[in-house]
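fold the following.
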Amino acid sequence: MEIFMEATSMKLLAVGVLALACGAAGVFAVGGGSGSRGSMGENSGGESTPEPGKATLLPSLKQYLDTRATELDEISGEREEELDALAVAIKGLIDQKKPVRLNFICTHNSRRSHFGQIWSSAAAAYCGLEVHAYSGGTEATAFNPRAVAAASRAGFQIEDTTGGENPIYHVRFASNRPAVTCFSKRYDHPPNPKSDFVAIMVCTEADGACPLVEGSAARIAIPYVDPKVSDRTPAEAETYDERSAQIAREMLWVMRRVASHQSR
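As a prediction, this is how the structure comes out:
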């Protein structure tokens, strides 16, 4: 019993430390993502002006991130080095007083790249940072419904606004921020940024196919195992949930590093 209570106390302490590190940044949080196909409407990610004050995360998503915050010690030292490259790139843009634009790139823009887009948006909001997140692929398919379901289970509010083979989803992470608009597209498709963005390669295939990403201020490889390996198996939902949780955890680690830098 004493060992259990000590372990529980350590996890609660970890959440508290992360909250302090994230809350100290004192900057607005933006869910900016992709907008409607090629247009700049109400939910376009462009770089809409954030509403005053800190983002109010959806309660279920806040609870989910609180749990992920207790798991940061699960990230290996080798992986931290890869993630730190992203944190450094973000800090570099902030130091130059440039908007932080992140474009998560994978082959089909169907699973991992969308997880990267929405979790970096939510983690930035959790830490009080202003980030504009996007995603794209080397080809367009659709935001895979299994990944959509996993994101919904994690606490995002998701609406399919169009239907069809490549639906446009509005993904909400906060009650006072625009929804992130997600659909499959090439990484250079509007409204994704054309310059001064960080290209984040989340699969080895796209990493190899795009040795150079035109217009990017930095190109960083952070590959993830494709949850597709478990499609149509009994482990399908569990695998998607695990990948979603891993990306959420690692985006929290990155945003915490950036927030800590901002508080100095």
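
run through the stretch 151-264 of the chain and note the low-pLDDT ranges.
For the stretch 151-264 of the chain, applying pLDDT under 70 flags the ranges 206-211, 262-264.

hmm, 80 instead?
Across the stretch 151-264 of the chain, the ranges flagged by pLDDT under 80 are 204-212, 261-264.

could I get the full set of strands for this structure?
Here the chain has its strands, by DSSP state E, at 101-106, 132-137, 157-160, 169-172, 180-182, 197-201, 216-221.

now tabulate the ones you listed in a markdown table and tack on mean neighbour count and distance to residue 121.
Every C-beta, even on glycine, is put in place using the N, C-alpha and C of the backbone. Output for those, formatted as a markdown table (neighbours: other Cβ atoms under 10 Å; distance: least, Cβ to Cβ, whole Å):
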| stretch | mean neighbour count | distance to residue 121 |
| --- | --- | --- |
| strand 101-106 | 28 | 9 |
| strand 132-137 | 27 | 5 |
| strand 157-160 | 14 | 13 |
| strand 169-172 | 20 | 8 |
| strand 180-182 | 27 | 5 |
| strand 197-201 | 26 | 13 |
| strand 216-221 | 19 | 17 |
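
residue 235 is nearest to which of those strands?
Proximity to residue 235, assessed across those by Cβ to Cβ, is greatest for strand 101-106 (21.0 Å).

how big is the angle separating that closest one from strand 132-137?
20 degrees (axes from the mean of the first three to the mean of the last three Cα atoms, to 10 degrees).

quick one: residues in contact with strand 101-106.
47, 90, 93, 112-117, 120, 131-138, 187, 192-193, 196-203, 205-206, 210, 213, 216 (Cβ atoms under 8 Å, 6 or more residues apart in numbering).

got TSV for the strands of the chain, with distance to residue 61 too?
Putting these into TSV (distance: least, Cβ to Cβ, whole Å) gives the following:
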stretch	distance to residue 61
strand 101-106	19
strand 132-137	15
strand 157-160	9
strand 169-172	9
strand 180-182	12
strand 197-201	21
strand 216-221	25
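
to residue 256, which of these lies closest?
It is, among those and with distance given as Cβ to Cβ, strand 101-106, at 15.6 Å.

mean confidence score for the closest one?
Here strand 101-106 scores 96 as its mean pLDDT.

and the gap between the closest residue to residue 236 other than its chain neighbours and residue 238?
Distances taken as Cβ to Cβ, 6 or more residues apart in numbering put residue 230 closest to residue 236, at 4.8 Å, once the chain neighbours are dropped. Plainly put, residue 230 is 7 Å away from residue 238 if you go by Cβ to Cβ, to the nearest Å.

these two - which one has more neighbours?
residue 230 (18 against 13; other Cβ atoms under 10 Å).

residues in contact with that one?
Residue 230 touches 236, 238-240, counting by Cβ under 8 Å, 6+ apart.

do residue 65 as well
57, 122-123, 126, 248, 252.

buried set for stretch 80-92?
For stretch 80-92, a neighbour-count test (16 or more other Cβ atoms under 10 Å) marks 83, 85-87, 89-91 as buried.

quick one: average pLDDT of it?
Per-residue pLDDT over stretch 80-92 has a mean of 96.
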